[in-house]
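In: the following comprises the amino acid sequence and a computationally predicted model.
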Amino acid sequence: MVENTLVQALGITLEEVTPERVIATMPVDERTRQPFGVLHGGASVALAETVASIGTYNLVDKESEGCAGLEINANHIRAKRDGVVKAIGTPLHKGKTTMVWDIKIVDEEENLICVSRCTMAILKLRK
């Protein structure tokens, strides 16, 4: 599902998917840095929404439902110049029409880089 998508372009790798947690990693390199040489906030937000999207999709009825991002916010706490960041997403709310995810992005030493909350819409698929 990730071929020829933003997920592939940013080098995002899925590490774990369970009903209670999703973990993904992303390199901090020329694909994900902003012009001043640090991790781009937009790349962090893309990683966060990817985790929330995969987590929500894992929990819906794939025969009749899909999902899409409804709202996302992020607080960028610490700069990161290189290496890898890890996003850990946990659901705060698992409803019938929406899910809300808490996503923490950390570095290799578990220092907080970014914290995000993402609301996902659960969509009924047209038949």
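Out: It's in. Numbering: from 1, shown residues only.
In: and the contacts of stretch 71-80?
Out: By CB atoms under 8 Å, 6 or more residues apart in numbering, the residues outside stretch 71-80 that reach it are 28, 38-39, 41, 44-45, 48-49, 52, 107, 111-119. C-beta here means a position set from N, CA and C on the backbone, and glycine is covered the same way.
In: distance from that stretch to the middle of the chain?
Out: Computed by CA atoms, centre = their mean, to the nearest Å, the chain-centroid distance of stretch 71-80 equals 12 Å.
In: now the end-to-end length of that stretch.
Out: 25 Å (CA to CA, to the nearest Å).
In: on that earlier part again, in helices, which of the contacts of stretch 71-80 fall?
Out: 41, 44, 45, 48, 49, 52 (DSSP state H).
In: among those, who's most crowded?
Out: residue 52 (29 neighbours; other CB atoms under 10 Å).
In: that residue contacts residue 68, correct?
Out: No. Counting by CB atoms under 8 Å, residue 52 does not reach residue 68; the two are 10.6 Å apart.
In: which residues do these two both contact?
Out: Common neighbours of residue 52 and residue 68 (CB under 8 Å, 6+ apart) are residue 120.
In: what number of residues lie near residue 57?
Out: 18.
In: next, count neighbours for the closest residue to it other than its chain neighbours.
Out: Residue nearest to residue 57 in three dimensions, not counting chain neighbours: residue 67, with 5.4 Å by CB to CB, 6 or more residues apart in numbering. Neighbour count of residue 67, defined by other CB under 10 Å: 20.
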